[in-house]
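*Asks:* all I have is the shape, not the residue letters:
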C-alpha cells in the first residue's frame, strides 16, 4: 500500500497530464476497490483514490500504513507577548512587513515569545524574507521551533545551530542547511575563531563554489591577521568568485602578503622625487615640491594574475592594457599605506599626482582603493573634496567622520538639495544620529511645504529614511509633519509613507514596553 500512496504523490506533484495515474495491482480489498474507481476523469480518479486511502488510514483498516503522529510539543516557559502586541504584529505582516524584523528584535529583548496563532504566518514570512530570519528566530519559542520541524519548508528555523560543544557544532556544520551553517560560522567567528577555521577545513573540499564564496565572505565582519593563511590559499581556488572574495578581504589587511605584493608593484610604477625649494622660496617658507614619474607595468605575469590582475581590458572600457594593469594594482593598495611607503605627507603626494599626466587614472584608482581597502582616512579626504562625487565612500568612514560629513552636508543644504541629502542619510545602516536626524527632518519638512518645481519629494527613499530615523524624536517629528491630505494621489501616498512607518515604529515600542 505504501507503493500505491507513492504513485499517488508522484502524479499529484507532476500532474495527471504529465504522469497518468498508474495503480499497481494489489490483492487487498482496498486495492481492489480503488482499481474500480471511474477512470474517465484522471483528476477525479486521483482525488478519489487519495480520499479513499486517507479514510482507510483514519479507520485503521489492515493493510494501510499508519502515519506516525509528531511528538507532542513541550511546554514553553517563556511568557507570551500581550494581545495588543500580537495584534500589532498581525497588522505589520499585512501592511508593513518591512517592520517585522525590528518588532521581533524588540520583542526578544523583552524576553517574550509570540502567541501560537501567529507562528505559521511568521514562519511563512521568514521563508520568503531571508533577511528577516535572524530576527524572527529568538521569538519563535519552543512551539515555533517544534512547528518548524513539522514542515520541510521551514527547516531554516529548526533550532539546532546554537552555540554548544564542539561535537554538536561539527554535527550541525555537516548536516545543517546553508543558512544554519553560515549562522554557526558567524557565531564561532565571534566566540572562538580557531574552531571556526577547524569547521571550515573539515568540509572545504566538499563545498560547492557558491558555498565557498559565502564562507569566505563570512570572515569579513571579524577579519583578523590569523585569517590570512586561509585567504591566501583561496587565491588558488578554481572559482573566480572565491578568489575575488579572498582578494577583497586580503586588501583590507595592509600587512598581509597580498597587500605587500600590491604595494611593491605600485612602488615600481610610481616614482616620487622630492625637489628642494629654491633660495628665494626657502626665504619665504617654501618647502619644496614632489614630482611624479609613472612607469606602466610591462606585462601581466602569473603572480599578478593570481592576485586578481586581469590581463584583458573589458570591452566596455577604453583603456590601454598597461594603463588597465596600473589601475587594478592601485585599486588594491591603500593610498594611506602608499603615502607612508613613499615617506611623504598625503597632501604632498596628492599634489604630485594631480600635477602629473596620469592624474585621472590614479585618482580614479584611489577612489576604488579607498572602498576596497577600507582606507577610512583617504575616503574622508576625498569626500571633503567633493561630497557629491564621493558619496559612495560614506559607508566606510569611521562613525565620527561620517557624522561630521553628513551633518555638514545637511546644514548647508537647501530644500532643492533634499534628494542628495537623502542618499547621504542612507549611509547610516542603523539609526541616524539625533542631531543629524533633527536637521534632516527640518529639511524634509521644508521640501514638502515648498515643493519647488525641480524637486520631486515623492521619489525619495521614504521607507528607508523612516527606518533609520531615531524613534526618540518620532513624536516631535510627527507632531510637526505636514498634512498630505487633499494632495494629488501620487504625492499624498508617498508623503504619508514616512509618517506611517515612523508612527508604527513608535507604536511598537509603546506596545512592547507594556
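*Replies:* Looks like it came in fine. Predicted model, so just to flag it, every value in this text is computed and none were measured.
*Asks:* CA only for contacts and neighbour counts going forward, please
*Replies:* OK.
*Asks:* residue ranges in the stretch 301-450 of the chain under the pLDDT threshold?
*Replies:* Scanning the stretch 301-450 of the chain for pLDDT under 70 picks out no residues.
*Asks:* let me see the contact set for the most centrally placed residue in the chain.
*Replies:* With distances taken as Cα atoms, centre = their mean, the chain has residue 131 as the residue nearest its mean C-alpha position (7.5 Å). The neighbourhood of residue 131, defined by Cα atoms under 8 Å, 6 or more residues apart in numbering, contains no residues.
*Asks:* for residue 16, same thing?
*Replies:* Remark: with contacts taken as Cα under 8 Å, 6+ apart, residue 16 is in contact with 42, 43.
*Asks:* can you give the distance of the helix or strand harbouring residue 329 from its chain's centre?
*Replies:* Here residue 329, judged by DSSP states H and E, is contained in helix 321-330. Relative to the centre of its chain, helix 321-330 is centred 30 Å away, using Cα atoms, centre = their mean, to the nearest Å.
*Asks:* skipping its backbone neighbours, what lies nearest residue 310 in space?
*Replies:* Counting by Cα to Cα, 6 or more residues apart in numbering, residue 325 is the residue found nearest to residue 310 once chain neighbours are left out, at 7.3 Å.
*Asks:* please look at the one you found and residue 309 and confirm they touch.
*Replies:* Yes: A contact is recorded between residue 325 and residue 309 when judged using Cα atoms under 8 Å, the distance being 6.6 Å.
*Asks:* among these two, which residue is more densely surrounded?
*Replies:* Between residue 325 and residue 309, counted using other Cα atoms under 10 Å, residue 325 has the larger neighbour count: 23 against 19.
*Asks:* so what's the more buried one up against?
*Replies:* 296, 297, 300, 309, 310, 311.
*Asks:* longest helix in the chain, by residue count?
*Replies:* Using DSSP state H, we find that the single longest helix of the chain is helix 489-513.
*Asks:* just confirm residue 150 is within a helix.
*Replies:* No: with DSSP: H, G, I helix; E, B strand; the rest coil as the criterion, residue 150 is assigned coil and is not in a helix.
*Asks:* now it. Its backbone dihedrals?
*Replies:* Listed backbone geometry of residue 150 is phi -90, psi -10, with angles given as degrees, to the nearest 10.
*Asks:* for residue 290, what are phi and psi?
*Replies:* phi -120, psi 120.
*Asks:* from residue 129, how far off is the residue lying closest to it once chain neighbours are set aside?
*Replies:* For residue 290, the nearest residue in space outside its immediate sequence neighbours is residue 274; the separation is 4.5 Å by Cα to Cα, 6+ apart. For residue 274, the distance to residue 129 (Cα to Cα, to the nearest Å) stands at 57 Å.
*Asks:* now do the buried residues in stretch 433-448.
*Replies:* Taking 16 or more other Cα atoms under 10 Å as the basis for neighbour counts, the residues of stretch 433-448 that come out buried are 433, 436-438, 440-448.
*Asks:* er, stretch 219-228 I mean
*Replies:* Judged by neighbour count using 16+ other Cα under 10 Å, the buried positions of stretch 219-228 are 219, 220, 223, 227, 228.
*Asks:* tell me the confidence at the closest residue in space to the second one that isn't next to it in sequence?
*Replies:* Looking back up the chat, that one is residue 220. Taking Cα to Cα, 6+ apart as the measure, residue 220 lies nearest to residue 249, with 6.7 Å between them; neighbours along the chain are not counted. pLDDT, residue 249: 97.
*Asks:* so who does residue 249 touch?
*Replies:* Residues near residue 249 by Cα under 8 Å, 6+ apart: 220, 223, 231.
*Asks:* which SS class is it?
*Replies:* In three-state terms, and counting by three-state DSSP, residue 249 is helix.
*Asks:* swap in residue 291?
*Replies:* For residue 291, the assignment made with three-state DSSP gives strand.
*Asks:* confirm for me that it is in contact with residue 273.
*Replies:* Yes: contact between residue 291 and residue 273 holds when scored by Cα under 8 Å: they sit 5.2 Å apart.
*Asks:* those two: which is more packed in?
*Replies:* Neighbours of residue 291 and residue 273, each counted by other Cα under 10 Å, are more numerous for residue 291; the result is 17 against 13.
*Asks:* for that one, give its distance to residue 348.
*Replies:* Counting by Cα to Cα, the separation of residue 291 from residue 348 is 9 Å.
*Asks:* near residue 374, how many other residues are there?
*Replies:* Each residue near residue 374 was counted by other Cα under 10 Å, and the total is 22.
*Asks:* any regions of the stretch 51-200 of the chain where pLDDT drops low?
*Replies:* Within the stretch 51-200 of the chain, the stretches with pLDDT under 70 are 59-69, 159-170.
*Asks:* please repeat the previous calculation with a cut-off of 80.
*Replies:* Confidence mapping of the stretch 51-200 of the chain against pLDDT under 80 gives the ranges 53-70, 158-172, 175.
*Asks:* show me where the stretch 201-350 of the chain has strands.
*Replies:* Assignment of strands within the stretch 201-350 of the chain using DSSP state E, counting those that start in this stretch yields the ranges 270-275, 289-294.
*Asks:* so which of these is the most packed in?
*Replies:* Ranked by mean neighbour count under mean count of other Cα atoms under 10 Å, those are led by strand 289-294, which reaches a mean of 17.
*Asks:* what angle separates that strand from helix 321-330?
*Replies:* Direction vectors for strand 289-294 and helix 321-330, defined by axes from the mean of the first three to the mean of the last three Cα atoms, to 10 degrees, enclose an angle of 120 degrees.
*Asks:* show me what contacts residue 79?
*Replies:* Contact criterion Cα under 8 Å, 6+ apart gives 111, 112, 113 as the residues in contact with residue 79.
*Asks:* by neighbour count, which of these wins?
*Replies:* Result: residue 113 is most packed of the contacts of residue 79 (other Cα under 10 Å), 24 neighbours.
*Asks:* what residues are up against that one?
*Replies:* Under the criterion of Cα under 8 Å, 6+ apart, the contact list for residue 113 reads 78, 79, 80, 81, 107, 138, 139, 140, 141.
*Asks:* which strand residues bridge it?
*Replies:* With beta bridges defined as DSSP bridges, residue 113 has these partners: residue 80.
*Asks:* separation between it and residue 77?
*Replies:* Distance from residue 113 to residue 77, counting by Cα to Cα: 10 Å.
*Asks:* can you check residue 123 too?
*Replies:* Distance of residue 123 to residue 77, given as Cα to Cα: 21 Å.
*Asks:* which of those two has more neighbours?
*Replies:* For residue 123 versus residue 77, neighbours defined as other Cα under 10 Å are more numerous around residue 123 (24 against 9).
*Asks:* surely the more buried one touches residue 156?
*Replies:* No: Residue 123 lies out of contact with residue 156 (Cα under 8 Å); the separation is 9.4 Å.
*Asks:* mind listing the shared neighbours of the two?
*Replies:* Applying Cα under 8 Å, 6+ apart, one finds that residue 123 and residue 156 are jointly contacted by residue 148.
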